[in-house]
Structure formats: C-alpha cells, structure tokens
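> Let me see the structure of the following:
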Amino acid sequence: MKLSQYLLALVCPIILLSSCKKSTEEVTPDAKSTFSIEFENQVNGSPLVLNTTTYKNAKGEDFKINIFKYYVSNIKLSKADGTTYLIPESYFLIDASKAESTNITLKDVPTGDYTKIEYTIGVDYARNFAGAQTGALDPINGMFWTWNSGYIFVKLEGTSPQSTDTGNKLTFHIGGVTDPNNTIRTFATEINSANPLRVRTDGKPNMHFIVNAAALFTGKTDISFASLNFTMGGANSVIVANNYTNGLFRLDHIHN
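Prediction:
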C-alpha cells in the first residue's frame, strides 16, 4: 500500500505538469495554426442547384441560377480584448459550380480565441488596379472587366420568365470601386463568446457560413426582374450591393 501511494504521489505531479504545459502551448501568442471556412450556398433556405431548380424572389417571380460566384477577401479576426489579426493575402473566389472552392483554409493564424470575423465582399480598391495577378485574382477566372480595369465582386447569371432581356436572361455583375458607384462592401459578425473560434496548435476548427443568393434581390430594395434584369456596374449594381451587404452571409455554426 505504501509503495502504491508513493508511486501515485510521484506520477500525479508529472501528469499535472504535462497538462499545464500543453494548455500553455496551445494559446501562446507566438504559436500559429490553421482553420477553415465552409460556404454553403442556398436560396432562401433551399440548397442552390444550378441550371435546373426554380426559385422565387421577394416579388414572387420565378428564376433559375446558372452561375453564382463571389469574392471573399481581407479576412480579419478580432479577440474579446479588441486585438485584431488581418490575414495577409486572403483573397478567395467562391464558385458554386466548383465544390472545392466552397471550403477555404486559412494558415499561419495566431492561436487564440476569436469573437468576431469580418471580410470584404469583393476586392479592395488597391488590388482592383494592381495589374496582372494570379490565383483567385487571375483574370482567367472570368471575374475581371478588362474594359473597366476592375473586378466583378459578385456574379449571378440565370433566367426568369419575367425578364425582358433576350432569352429571359438575368445578368447581375456587381462591381465598381469609385463613388457614387462604389460597390465594395464589408460583412462582419460577432461570434458567440461561449463558443468562440478557438485556433489551437492541436486542432483545426471550421466555420460554417450559409450564403443566400436570393439576398441580391431583397433587403433595402425588392427587385422585380421585369424592371431590373441586367447590370454591370453603375447605379443598379449599388442597389444590389446594398441588398446583399447584410443578407448574403450568415454564420451558422463553428466546429472547434
């Protein structure tokens, strides 16, 4: 019995020391790790299915979506104490036709508990005029106006019986960075402090966002396809951007 007690007394401090050491390493400011974000594309709560599924806008008009792409960039994380971390070179193109693009990975992020996330819907002013670029910003992705020296931030194409355009087409190419037609918008959301984004060296959390494509057509202005079915920048693109600023993205949950 005495030998057992002696061994227990010897082992317990080692276990406690090991546990404390691990916890400290997980949150040290110098440590970095990875987390991911999943964007689940929907239309008013239903899965987004390109080309075939019919949806309704806020005016009750039928429409189908053939193309849905959007930029997420300049991702910034905040902690409860007010400190922030802007993830460098965070430019991502989400394309509903490419499943792999809807899951993005953020690397070399300082460990810690984050209670807010924000990002640009589109591409910042400077990168709109930075010349030939690669990766998500490569013009080959079909999101760059060569005639306007700028990016399309959100692209939605489809059809609607109510559209007066040729072939009942819907063409919404939202972009532009100069006033009065600046369509750069920022999305931000608080994260429940009871379940913050916990970036740790021994774990890779995942944030899950719902993306509602129908948000382009409702919010500040309910759009009828009979009167607005085509825009490539300009005042009508501002109307659409003002709609989706707060309605396009919603943080659904976090897997820590």
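> where along the stretch 151-256 of the chain do the strands fall?
Along the stretch 151-256 of the chain, counting by DSSP state E, counting those that start in this stretch, strands occupy 169-175, 185-190, 197-199, 206-212, 230-232, 249-255.
> In TSV, list those along with mean pLDDT.
Output for the strands of the stretch 151-256 of the chain, formatted as TSV (pLDDT from 0 to 100):
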stretch	mean pLDDT
strand 169-175	98
strand 185-190	98
strand 197-199	97
strand 206-212	98
strand 230-232	97
strand 249-255	97
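> Relative to Tyr114, which of these is closest?
strand 197-199 (4.2 Å; C-beta to C-beta). For the C-beta atoms, the positions are set from N, CA and C on the backbone; glycine is no exception.
> what separates that closest one from the chain centre, distance-wise?
Relative to its chain's centre, strand 197-199 lies at 17 Å (C-alpha atoms, centre = their mean, to the nearest Å).
> same deal with stretch 141-148?
With C-alpha atoms, centre = their mean, you get 21 Å for stretch 141-148.
> now stretch 75-89
15 Å.
> ok, and what's touching it?
By C-beta atoms under 8 Å, 6 or more residues apart in numbering, the surrounding residues in contact with stretch 75-89 are 74, 90, 106, 109-110, 112-119, 193, 196-197.
> before we move on, back to that, among the strands of the stretch 151-256 of the chain, which is nearest Glu38?
strand 206-212 (4.9 Å).
> before we move on, back to that, minimum pLDDT in the contacts of stretch 75-89, which residue is that?
Within the contacts of stretch 75-89, pLDDT reaches its minimum at Ser193, with 91.
> can you pull out the strands in the stretch 1-150 of the chain?
Secondary structure of the stretch 1-150 of the chain (DSSP E, counting those that start in this stretch): strands located at 32-43, 46-47, 55-56, 62-78, 84-86, 91-95, 103-110, 112-114, 116-121, 144-145, 150-159.
> Is it possible to get CSV of those that adds mean neighbour count and distance to Gly131?
CSV is the format used below for these (neighbours: other C-beta atoms under 10 Å; distance: least, C-beta to C-beta, whole Å):
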stretch, mean neighbour count, distance to Gly131
strand 32-43, 18, 28
strand 46-47, 10, 38
strand 55-56, 17, 38
strand 62-78, 21, 17
strand 84-86, 12, 22
strand 91-95, 20, 15
strand 103-110, 15, 24
strand 112-114, 22, 33
strand 116-121, 20, 19
strand 144-145, 18, 11
strand 150-159, 23, 12
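> Out of the ones you listed, the one nearest Gly176 is which?
Judged by C-beta to C-beta, the one of these that comes nearest to Gly176 is strand 150-159, at 6.7 Å.
> who does the closest one touch, helix- and strand-wise?
Judged by 3 or more C-beta pairs under 8 Å, 6 or more residues apart in numbering; DSSP states H and E, strand 150-159 is in contact with strand 62-78, helix 125-128, strand 144-145, strand 169-175, helix 235-247.
> what about those, which gets the closest to Arg185?
The nearest among those, by C-beta to C-beta, is helix 235-247 at 4.6 Å.
> Give me the distance between the two termini of stretch 231-240.
Stretch 231-240 has an end-to-end distance of 9 Å (criterion: C-alpha to C-alpha, to the nearest Å).
> related to what we said a few turns ago, out of the helices and strands packed on strand 150-159, which comes closest to Ser46?
Taking these one by one with C-beta to C-beta, strand 62-78 is closest: 11.3 Å.
> what is the orientation angle of the closest one with strand 103-110?
Strand 62-78 runs at 10 degrees relative to strand 103-110, counting by axes from the mean of the first three to the mean of the last three C-alpha atoms, to 10 degrees.
> Now strand 62-78 - C-alpha only, PDB.
Provided in PDB are the C-alpha atoms of strand 62-78 (Å, rounded to 0.1, in the frame of the first residue of the first chain):
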ATOM      1  CA  ASP A  62     -39.600  32.600 -60.700                       C
ATOM      2  CA  PHE A  63     -35.900  32.400 -61.500                       C
ATOM      3  CA  LYS A  64     -33.100  29.900 -62.100                       C
ATOM      4  CA  ILE A  65     -29.400  30.400 -61.400                       C
ATOM      5  CA  ASN A  66     -26.800  29.200 -63.900                       C
ATOM      6  CA  ILE A  67     -23.700  31.000 -62.500                       C
ATOM      7  CA  PHE A  68     -23.000  32.200 -58.900                       C
ATOM      8  CA  LYS A  69     -19.600  33.400 -57.900                       C
ATOM      9  CA  TYR A  70     -18.300  35.900 -55.300                       C
ATOM     10  CA  TYR A  71     -15.100  37.100 -53.800                       C
ATOM     11  CA  VAL A  72     -14.300  36.900 -50.100                       C
ATOM     12  CA  SER A  73     -11.100  38.900 -49.200                       C
ATOM     13  CA  ASN A  74      -9.200  40.700 -46.400                       C
ATOM     14  CA  ILE A  75     -10.400  38.400 -43.700                       C
ATOM     15  CA  LYS A  76      -9.900  39.900 -40.200                       C
ATOM     16  CA  LEU A  77     -10.300  38.200 -36.800                       C
ATOM     17  CA  SER A  78     -10.900  40.000 -33.500                       C
END
